[in-house]
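1. Compute the structure for the input listed below.
(one chain, ligands or ions: 3)
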Amino acid sequence: MMMDAMKNLYIDTGRLVAELHELAAFSSCPEPTPAVTRVVYSDEDRAARQWFDGLFRDAGLSVRVDPIGNTFARWCPDGCDADAPAVGSGSHIDAIPHAGMYDGTVGVLGALEAVRALQRAGHRAKRPIDVVLFTSEEPTRFGLGCTGSRAMAGQLPADRLALLTDDAGDSLDAVRRRAGYDGDLAGVRLSDDAYAAFVELHIEQGPKLEEEGLDLGRVFAIAAPSTINFVVTGQGGHAGAVLMPDRHDALCAAAEMIHAIEQLCRSSPSPDCVATVGTMDIHPHAVNSIPSRVAFSLDLRDIDGVNRDGVCEAIVGENQRIAARRHVQVEHSVLNADPPADCDGPIVEALAEAADAGGYTHRGMVSRAYHDSLFMASRFPTAMLFIPCRGGVSHRPDEFAEPRHLEAGVATLARTLATLSGS
Ligand code: HGY
Ligand code: MN
Ligand code: MN
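-> Numbers count the residues shown, from 1 in each chain. Ligands and ions are numbered 1, 2, ... in the order given. Predicted coordinates for the structure are as follows:
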């Protein structure tokens, strides 16, 4: 029955593209769409969630929202065992500043279209299917990525979750309540039998699929991200009065450290080791005052967690040597050092069969970006499905996914969800 239902599977790609553009308009970015900025719990984020609520209800899904805003839109048609562990599919809708309109959104709207397609095809799901909208996948506001999925997976205890703060010094707890989410944060953690399987559809955020002319990527491993914050403290002083030999300039020391970070990462034996210093705060930030304190963040990743941690140790040691030579101080704190995730073999296999059934080309690959699936995989059988994005570009307004690839991704996701929910 399930395969018959899949014979007349129809993906409404025009509607999906229109919804992606509609969602992109919920943005605080000064540049027009497709540039998007949508920070978690912002007015734009809340308006977008309101819009999703309408879409979910129009599709006949029952909606549950947890204490931090993770949203679960459930389809459990006649004959479906409402108590059975569900099949989940989803992603995030928050967007870093000056981002594109496909990162994350393809996984939420794509999962919704996949469910609508299964409804149209008359699929008889034996277990519930959830479209999941994760809260705060991006680290933009609270400094830590995947806050919602970490908490759902139980990897971020309620007391630590509540105390995460934004640049204004507001705690996540205060901000979520202002945004209209309340309830006990301990209720975010999912029970062990919540999901039988989880699949996330996402743009590749890399060039491989486009370079090889392929339609889809079956992700079998997800990179391990760590975030380390450094603070360099020097003497500061008057930009005219302090001669060069007498200076202990925190920014010059930080600059040498950042160059050392690049060198240590480039010389790592692992080609998947990547390091990014993306934020910096200079004090007192005055044209004519020698920087006395510099704070900067390091985003360090690898598919190989052991190699990543080795490079991290080397970076910390080199930074301390640079500080000693320049007579400044350096302190560091590790915000997170997450293990990489292996995806679930049978689900990856189901993705391959579904792609073949649709006549789509595909390959196995790793994900160098992290995703909510990294944390779902720590609790439930999980896999990801990638579609190409033009030039491999992401986290930029010119991020783009072709409608034919959107269709390939959603059709393959729908067939996979049918397989996973059919028994
Ligand atoms: O940074 C990442 O890998 C993800 O896009 N948040
Ligand atoms: Mn992202
Ligand atoms: Mn993403």
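2. Tell me, how many residues neighbour residue 356?
-> By the criterion of other CB atoms under 10 Å, residue 356 has 13 neighbours. In this view, the C-beta of every residue, glycine as well, is placed from N, C-alpha and C.
3. Same check on residue 345?
-> Per other CB under 10 Å, the neighbour tally for residue 345 reads 11.
4. So the nearest residue to it once chain neighbours are set aside: helix, strand or coil?
-> Leaving aside its sequence neighbours, residue 345 sits nearest to residue 220 (CB to CB, 6 or more residues apart in numbering; 7.9 Å). Following DSSP: H, G, I helix; E, B strand; the rest coil, we place residue 220 in the strand state.
5. Please report how far residue 220 lies from ligand 1.
-> Residue 220 sits 17 Å away from ligand 1, taking CB to the nearest ligand atom, to the nearest Å as the criterion.
6. Check the burial of the nearest residue to residue 393 once chain neighbours are set aside by counting its neighbours.
-> Nearest residue to residue 393, sequence neighbours excluded (CB to CB, 6+ apart): residue 399, at 5.5 Å. Residue 399: 23 surrounding residues under other CB under 10 Å.
7. Just say helix, strand or coil for residue 399.
-> Taking three-state DSSP, the label given to residue 399 is coil.
8. how about it, what does it touch?
-> Residues near residue 399 by CB atoms under 8 Å, 6 or more residues apart in numbering: 34, 99, 100, 101, 102, 103, 203, 389, 390, 393.
9. now, which of the residues you listed lie within helices?
-> Among those, none falls in helices (DSSP state H).
10. Same list, those residues, but as CSV with pLDDT, neighbour count and distance to ligand 1 please.
-> Below are the contacts of residue 399 laid out as CSV (pLDDT from 0 to 100; neighbours: other CB atoms under 10 Å; distance: CB to the nearest ligand atom, whole Å):
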residue, pLDDT, neighbour count, distance to ligand 1
34, 91, 19, 17
99, 97, 25, 9
100, 97, 27, 11
101, 98, 23, 14
102, 98, 27, 11
103, 98, 28, 6
203, 98, 30, 10
389, 97, 26, 12
390, 98, 17, 17
393, 97, 18, 13
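11. Skipping its backbone neighbours, what lies nearest residue 101 in space?
-> Per CB to CB, 6+ apart, closest to residue 101 is residue 24, 3.7 Å.
12. returning to that earlier point: which two of the contacts of residue 399 have the greatest separation?
-> 99 and 390 (14.7 Å; CB to CB).
13. Looks like the residue nearest to residue 101 contacts residue 103 (just checking).
-> No - the criterion here is CB atoms under 8 Å, and residue 24 misses it with residue 103 at 11.0 Å.
14. shared neighbours, these two?
-> With CB under 8 Å, 6+ apart, residue 24 and residue 103 have no common neighbours.
15. Buried residues in stretch 43-52, which are they?
-> Judged by neighbour count using 16 or more other CB atoms under 10 Å, the buried positions of stretch 43-52 are 44, 45, 46, 48, 49, 51, 52.
16. For the residue nearest to residue 393, give its distance to residue 106.
-> 10 Å (CB to CB, to the nearest Å).
17. Give the intersection of the neighbour lists for these two.
-> Residues touching both residue 399 and residue 106 (CB under 8 Å, 6+ apart): residue 203.
18. Residues of this structure that sit close to ligand 1?
-> 137, 138, 145, 369, 370 (CB under 6 Å from any ligand atom).
19. Tell me the most packed of those, by neighbour count.
-> Highest neighbour count within the residues of the chain next to ligand 1: residue 137, with 28 neighbours (other CB under 10 Å).
20. what element comes up after the lengthiest helix in the chain heading to the C-terminus?
-> The residue-count maximum for a helix in the chain (DSSP H) belongs to helix 305-326. Going down the chain from helix 305-326, the next helix or strand is strand 329-337, by DSSP states H and E.
21. Same question for stretch 240-247: list its buried residues.
-> residue 247.
22. That stretch: end-to-end distance?
-> Chord length of stretch 240-247, first to last residue, is 11 Å (CA to CA, to the nearest Å).
23. sorry, back to before: what lies in contact with the longest helix of the chain?
-> Here helix 305-326 makes contact (CB under 8 Å, 6+ apart) with 224, 226, 228, 230, 232, 234, 248-249, 252-253, 256-257, 260-261, 264-265, 268-270, 273, 275, 298, 300-302, 329-330, 332, 334, 337, 339-340.
24. What residues of that helix count as buried?
-> Using 16+ other CB under 10 Å as the test for burial, helix 305-326 gives 305, 307-312, 314-315, 318-319, 322-323, 326.
25. Run the angle between that helix and strand 329-337 for me.
-> With axes from the mean of the first three to the mean of the last three CA atoms, to 10 degrees as the basis, helix 305-326 and strand 329-337 are set at 170 degrees to each other.
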